[in-house]
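[1] Below are the sequence and a predicted model; questions follow.
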Amino acid sequence: MMKTHRLARVAEAIREVASETILFELRDPRVKGVTVTRAEVSGDLQHAKVFVSVMGSPREQNLCMHGLRHSGGFIQAKLAKRLQTRFTPVIEFVLDEGVKRSIEMTRLINEALAQSGPKDQESAAPDVPANSADGTAEESPVGS
């Protein structure tokens, strides 16, 4: 079994290479609106999962994932140059639903806040004097 810090380093290298390659080198029109969120690598360095968040409709996401899988070999070749290990992990792209969920949560919270009305939001905010940014009231000398 390999040391965890080495695995973490390899996973970070995979994330960086995948991110940069997708951003700057892929010419596939299907691949757009992609953010590499994280990478996980197996203990034997044979397999790596690259988690990606894809903006767009489910159809656009599917097209993008196909494009990414199609480009997997190209990204692996870039990774082989960077890692210089005996084996280059086989890359698998996984759609990261976490980002989508958090965006949806934020939308639902904002919707709920908007429905509760502005008067509720005002009373929820702490009373902060308007005369200073850090919340401490500065007293100005009288007659200056």
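    Great, that's in hand. Fair warning: this is a prediction, and the values are worked out from it, not measured in the lab. Numbers count the residues shown, from 1 in each chain.
[2] OK, contacts around the residue most central in space within the chain?
    In the chain, the residue lying closest to the centroid (CA atoms, centre = their mean) is residue 37, at 3.7 Å. Counting by CB atoms under 8 Å, 6 or more residues apart in numbering, residue 37 touches 51, 52, 53, 96, 98, 99. Backbone N, C-alpha and C define where each C-beta goes, glycine included.
[3] Residue 38 is in what secondary structure piece?
    For residue 38, the enclosing helix or strand under DSSP states H and E is strand 34-41.
[4] Run me through the strand neighbours of that strand, direction for each.
    According to DSSP bridges, the neighbouring strands of strand 34-41, each with its direction, are strand 47-54 (antiparallel).
[5] Beyond the partner strand, next helix or strand please.
    Toward the C-terminus, strand 47-54 is succeeded by helix 58-70 as the next helix or strand (DSSP H and E).
[6] Where neighbours are concerned, which of the contacts of residue 37 has the most?
    The most crowded member of these, judged by other CB atoms under 10 Å, is residue 52 (24 neighbours).
[7] Dig out what that residue forms beta bridges with.
    The bridge-partner assignment for residue 52, based on DSSP bridges, gives residue 36, residue 95.
[8] can you pull the pLDDT of it?
    Here the pLDDT value assigned to residue 52 is 95.
[9] Helices of this protein, residue ranges please.
    The residue ranges that make up the helices of the chain, judged by DSSP state H, are 4-24, 58-70, 72-83, 97-116, 118-124.
[10] Any idea which of these gets closest to residue 31?
    Between residue 31 and the helices of the chain, the tightest spacing by CB to CB is seen for helix 58-70, at 4.1 Å.
[11] measure residue 68 to residue 29 for me?
    If you measure residue 68 against residue 29 using CB to CB, to the nearest Å, the figure is 13 Å.
[12] Cool, thanks, signing off.
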